[in-house]
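Participant: Could you work out the structure for the sequence below:
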Amino acid sequence: MKEFLIGRLSMEALPHEWFTIGGSAFFGALILALVVILTVTKRWGWLWKEWLTSVDPKKIGIMYFIVAGFMLIARGGLEALMMWLQQALGSSDMPGFLGASHGYLSAEHFQQIFTAHGNIMVFFVAMGFIFGLINYIVPLQIGARDLASPFLNTLGFWLFVAGVVMVNMFFFVGGEYAATGWLAVAPLSGTEFSPGTGMDYLIWSLQISGIGTTLGAINFIMTILKMRAPGMTLWKMPAFTWGSLCSMIMAVTVFPLLTATLFLVFFDRYFDTHFFTTALGGNAMMYTNLIWMWGHPEVYILVLPAYGVFTEIVSTFSRKAIANYTSNIIGLIGVSLFALSVWLHHFFTMGAGADVNSFFGVMTIFIAIPTTVLVFTWIATMYKGRIRMTTPMLWFLGFIAVFTFGGVTGVMLAVPPVDFQFHNSLFLVAHFHSNVIGGVLFGVFAGISYWFPKIAGYRLNERLGRYAFWCWMIGFSLSFIPMYILGLMGATRRLDTYDASSGWQPFYVLMLIGGIIIAVGVALQLAQIIASVIQKRRLHDSTGDPWEGRTLEWAVPSPAPSYNFATIPQVTTRDAYWEMKKQGIPARKFEDIRMPKNTASGIYISIFAFLVGFALVWHINWLAIVSLIGAIVCVIARTFNDDTEYVVTAAEVEKMEETRMAKVRALHAEKDTGPDEDMGLLEFIKLVITWALNVIRTRRWRNQ
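Facilitator: Numbers count the residues shown, from 1 in each chain. Here you go, the predicted model:
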């Protein structure tokens, strides 16, 4: 009876190691603090009505940013520092209790951190940021008021959140995470080598969030194809929208592969089916093919929207149209097509044969061609442009430096004989991070800096943003250039200890120092946001167009109203808003607007989905069945609910627009007595210390 009710749950599943106790204490304290703050400020109703149940893609985009940023700081970034510290201390001649050739982490714990770091950074940081940008910007760029399916959008987000909760659940119940590497390569993913629940947490966190990604991708594709403003043909779409469209088409193509593969791994573990184990005719290489058929395109799913971000930024801050728009878009499409035919270069060493290796090696080299076309269009755009060296432009230039280095090493690894030498070495890890950090994260940071005035209504602090950029550049160089060198010296990935005679320790120490500098850069980015909030009156964007932008998102107020456009624009050219400014903004004719109602259905379905995953992790079969039925009932109930929209009348729209303009005029009339320049770091530190002392003295933190 006990096994029927709680499956394999037992007292041993509760936190009992230092890292699970620490993790559960941290998350518990964070939840308690949020509960206290929301209760004291009486914000529970506001949070539920205005945010959690919202179907506004702009608010959902902001929530993606918050969740992804939290996972970057609390898990992904922290785990990177923990690995670097372990490796810096992992030399066998280290004295004292940190010596004995093991550093401060056990081998098993190091492998768990290694696995979790990869899963979290790809699925719950990079994907979260990219989906946040697409949610907020794409509807504005194409002149749409919403997405094709607001419900699918909120459902996709909450499935993403359910995956985030699942990937952290082992801190509370389970005590371990998978130690298989982030792709959980077979046969390590089987019960023979991973008998605990850690692998099951990996499966269901990725499965739930992956289904949310697929639903979101379908929604974005339909929005871009069917909801563009009148006159906006495909060849008049902004580059970021094109990058997002290519990315989402790839996601719809390959994420079902991930879903099917994870189900097969689940069947192997739960029903002993042996799809990927050698017993009873299974084939581990089938798993490797399937996972990389998803895994390599996933890198481009992340980087294609970033390419679009860079195109928008280069055009805006060079003050000219993108050079050869057609070539730029064909470059994006070319990257998408080639990315689907290069997955096997990840296992050149596994006996596929000379002909197969040669084909995939050539295709991997060919993918550099459309990428190079993109780089040339960016350089040609900057040529003879009146370049403004803003923070978004700095992130672009940093991307060019880092990503080019990663691309060159990628061409090296595309040659099978070279890959035979470098495979499974830190050289490959450095190449991967050059592409993902330089391409994806720098693209996200550039995009957030660029569109922050549109999101918040005021621009970001430039001085602190520059400090953060240089910390990232210096920290990245110190962390990953030594990694290339270590790879050439023979250091392999997943290595937690090494012999002192190898001479590797100085390079690992440099990597740790670089990681600390990157952490300082992240802290400066947080300080940049806080300083911007403090000075938001001076940094306020009253025009909706602080950068002299070219695309439609700059045609609406900052921040954008819930309905985006009071009047849907008529598009006649590529840089639609730039042309509107030259020809004169047409008079607005207000009309009734149909808007979707908020709904909690996505939350309820995601809770049931989480319970299904949790039940299958612990073999609580009755709970899995009941939760699955609950999710299906919620979907059916939502499907038959016809009361999903409300109307904002033309008079109400006109009144809201007049109220907004009155606020803008008031801000123009109100003289700002603050400083004339962005707050510096020392001034920020002094202000924070003064605020903290006031809180201690008055015991009040509000209205400080």
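Participant: which residues touch the most centrally placed residue in the chain?
Facilitator: What sits nearest the mean C-alpha location of the chain, by CA atoms, centre = their mean, is A126, with 2.3 Å. A126 makes contacts with 68, 302, 436, 440-441, 444, as judged by CB atoms under 8 Å, 6 or more residues apart in numbering. All C-beta spots, glycine's among them, are computed from the backbone N, C-alpha and C.
Participant: Helices - which of these land there?
Facilitator: Among those, DSSP state H puts 68, 302, 444 in helices.
Participant: Hmm, the second one is touching I437, no?
Facilitator: No. With contact defined as CB atoms under 8 Å, L302 and I437 do not form a contacting pair (11.1 Å).
Participant: Contacts for the helix or strand in which L332 is found next, please.
Facilitator: Here L332 sits within helix 325-339, counting by DSSP states H and E. Helix 325-339 is contacted by residues 235, 239, 242-243, 246-247, 249-250, 296-297, 299-300, 304, 307-308, 311, 322, 363, 366-367, 369-371, 373-374, 376-377, 574 when judged by CB under 8 Å, 6+ apart.
Participant: Of those, select the buried ones using a PyMOL command.
Facilitator: Filtering those down to the buried ones (16 or more other CB atoms under 10 Å) takes a single PyMOL command:
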select buried, resi 239+242+243+246+247+249+250+296+297+299+300+304+307+308+311+322+363+367+370+371+373+374+377+574
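Participant: Just the ones of the contacts of helix 325-339 in helices?
Facilitator: Within those, residues falling in helices by DSSP H are 239, 242-243, 246-247, 249-250, 296-297, 299-300, 304, 307-308, 311, 363, 366, 369-371, 373-374, 376-377.
Participant: circling back to that earlier point, quick one: distance of the helix holding L332 to the chain centre.
Facilitator: 22 Å (CA atoms, centre = their mean, to the nearest Å).
Participant: Likewise for stretch 636-647?
Facilitator: 31 Å.
Participant: Kindly format the C-alpha coordinates of that stretch as PDB.
Facilitator: The C-alpha coordinates for stretch 636-647 follow below in PDB (Å, rounded to 0.1, in the frame of the first residue of the first chain):
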ATOM      1  CA  ILE A 636     -11.000  20.500 -23.000                       C
ATOM      2  CA  ALA A 637     -12.500  23.100 -20.700                       C
ATOM      3  CA  ARG A 638     -10.400  25.900 -22.300                       C
ATOM      4  CA  THR A 639     -11.300  24.600 -25.800                       C
ATOM      5  CA  PHE A 640     -15.000  25.000 -25.100                       C
ATOM      6  CA  ASN A 641     -14.700  28.400 -23.400                       C
ATOM      7  CA  ASP A 642     -16.000  31.000 -25.900                       C
ATOM      8  CA  ASP A 643     -15.700  33.900 -23.500                       C
ATOM      9  CA  THR A 644     -12.100  34.700 -24.300                       C
ATOM     10  CA  GLU A 645     -12.100  38.200 -25.600                       C
ATOM     11  CA  TYR A 646     -13.300  41.700 -24.700                       C
ATOM     12  CA  VAL A 647     -13.600  44.900 -26.700                       C
END
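Participant: let's number from 749 now, not from 1
Facilitator: That works, and once the first residue is 749, the last one we named lands at stretch 1384-1395.
Participant: Could you list the residues in contact with it?
Facilitator: By CB under 8 Å, 6+ apart, the list of residues contacting stretch 1384-1395 reads 899, 1340-1345, 1347, 1349, 1353.
Participant: Okay, M1259 and F1338: tell me how far apart.
Facilitator: Per CB to CB, to the nearest Å, M1259 is found 58 Å from F1338.
Participant: Give the helix, strand or coil label for the residue lying closest to Q1283 once chain neighbours are set aside.
Facilitator: Counting by CB to CB, 6 or more residues apart in numbering, Q1283 lies nearest to M1427, which is 5.7 Å off, once chain neighbours are set aside. Following DSSP: H, G, I helix; E, B strand; the rest coil, the label given to M1427 is coil.
Participant: which residues touch M1427?
Facilitator: Contacts of M1427 (CB under 8 Å, 6+ apart): 1209, 1211-1212, 1279, 1282-1283, 1435.
Participant: Select from those the one having the most neighbours.
Facilitator: N1209 (28 neighbours; other CB atoms under 10 Å).
Participant: Quick check, that one in contact with L1272.
Facilitator: No. Judged on CB under 8 Å, N1209 makes no contact with L1272 at a distance of 9.8 Å.
Participant: which one of the ones in helices among the contacts of A874 is nearest G944?
Facilitator: For the ones in helices among the contacts of A874, the closest approach to G944 (CB to CB) belongs to A816, at 27.8 Å.
Participant: separation between that closest one and F879?
Facilitator: Distance of A816 to F879, given as CB to CB: 8 Å.
Participant: Compare these two and say which is more crowded by neighbours.
Facilitator: More neighbours surround F879 than the other of A816 and F879, with 29 against 26 (other CB under 10 Å).
Participant: Isn't the more buried one up against Y812?
Facilitator: Yes. With contact defined as CB under 8 Å, F879 counts as touching Y812 (5.1 Å).
Participant: residue contacts, F1108?
Facilitator: Counted by CB under 8 Å, 6+ apart, F1108 has contacts 1089-1093, 1096.
Participant: residues contacting G866?
Facilitator: Each residue near G866 by CB under 8 Å, 6+ apart is listed here: 929-931.
Participant: so which of the residues you listed is the most crowded?
Facilitator: L931 (21 neighbours).
Participant: was I right about M1237 contacting P1254?
Facilitator: No. At 11.3 Å, M1237 does not count as touching P1254 under the criterion of CB under 8 Å.
Participant: picking up where we left off before, common neighbours of F879 and Y812, please.
Facilitator: Joint contacts of F879 and Y812 (CB under 8 Å, 6+ apart) are 905, 908.
Participant: Give me the nearest residue to D1020, chain neighbours excluded.
Facilitator: T939 (7.9 Å).
Participant: For that neighbour, give its distance to A932.
Facilitator: From T939 to A932 the distance is 13 Å (CB to CB).
Participant: What about A1069, how many residues nearby?
Facilitator: A1069 has 14 nearby residues by other CB under 10 Å.
Participant: Pretty sure R1298 is one of the things it touches, is it not?
Facilitator: Yes. Between A1069 and R1298 there is a contact under CB under 8 Å: 7.2 Å.
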